[in-house]
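**Q** what shape does this take:
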Amino acid sequence: MAKEPAKEPAEEKQKSARPLRGKPVSGRPWKEAVKRPHSSGIVKPKNKKKSSWAVRKEREMQLKDIKSTEAEMKVESSGRKQAAREKREERKKRKEENELKSEIVQAITNTAKLKKLNRKQLRNFAKR
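**A** As a prediction, the model looks like this:
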């Protein structure tokens with residue numbers, strides 16, 4: 001019987017350092033276990049220095065100014081949009097009125113003729 005060659009101690013330590021795992025659910029034994037959560041890739045500062053009270057108040061004032069100007073801009077743009085919408089509607093209304101004015105109208109005095117017409121011809125008539 002031949003003796004097995006002695007394993008190096010570093011190799012044994014490396015094997016024992018790895019935790020024992022069963023067969024993975026996915027059935028892929030070559031996949032390694034996730035060692036850390038994926039969100040830990042972001043490095044967060046551990047000792048974040050707090051800013052002074054004056055600096056924080058100054059930052060708050062700047063944010064308030066920005067938000068107020070933003071609100072003004074929104075009101076202004078909504079006003080412009082409203083005006084443009086009203087202008088469009090007015091133009092459309094004026095166009096329809098002009099079309100009605102420019103139509104050539106022929107009054108039908110003998111209504112008995114209407115009874116003789118078929119549906120397609122009746123669709124072309126408008127009652128005003």
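**Q** assign the residue sitting nearest the centre point of the chain to helix, strand or coil.
**A** The centre of the chain sits closest to Lys74, judged by Cα atoms, centre = their mean, with a distance of 19.0 Å. Secondary structure for Lys74, judged by DSSP: H, G, I helix; E, B strand; the rest coil, is helix.
**Q** and it, what does it touch?
**A** By Cβ atoms under 8 Å, 6 or more residues apart in numbering, the contact set of Lys74 is empty. The C-beta positions use only the backbone N, C-alpha and C, and glycine is treated the same way.
**Q** what separation do you get for it and Asn98?
**A** To Asn98, Lys74 is 36 Å away according to Cβ to Cβ, to the nearest Å.
**Q** returning to what we had before: where does the residue nearest to the centre of the chain land on pLDDT?
**A** As predicted, Lys74 sits at a pLDDT of 97.
**Q** then Arg21?
**A** 69.
**Q** now do the one 3 residues further on
**A** In the prediction, the pLDDT value recorded for Pro24 is 77.
**Q** please tell me I have it right and it contacts Glu32.
**A** No. Checked against Cβ atoms under 8 Å, the pair Pro24 and Glu32 is beyond contact range at 9.7 Å.
**Q** those two: which is more packed in?
**A** Remark: of Pro24 and Glu32, Pro24 carries more neighbours, 12 against 8, as counted by other Cβ atoms under 10 Å.
**Q** who's in contact with that one?
**A** Lys31.
**Q** please repeat the previous calculation with a cut-off of 6 Å.
**A** Contacts here follow Cβ atoms under 6 Å, 6 or more residues apart in numbering; on that basis Pro24 touches nothing.
**Q** and it, which of the three is it?
**A** At Pro24 the chain is in coil, as set by three-state DSSP.
**Q** distance of it relative to Pro37?
**A** From Pro24 to Pro37 the distance is 18 Å (Cβ to Cβ).
**Q** now Ser51
**A** From Ser51 to Pro37 the distance is 30 Å (Cβ to Cβ).
**Q** perfect, I'm done here.
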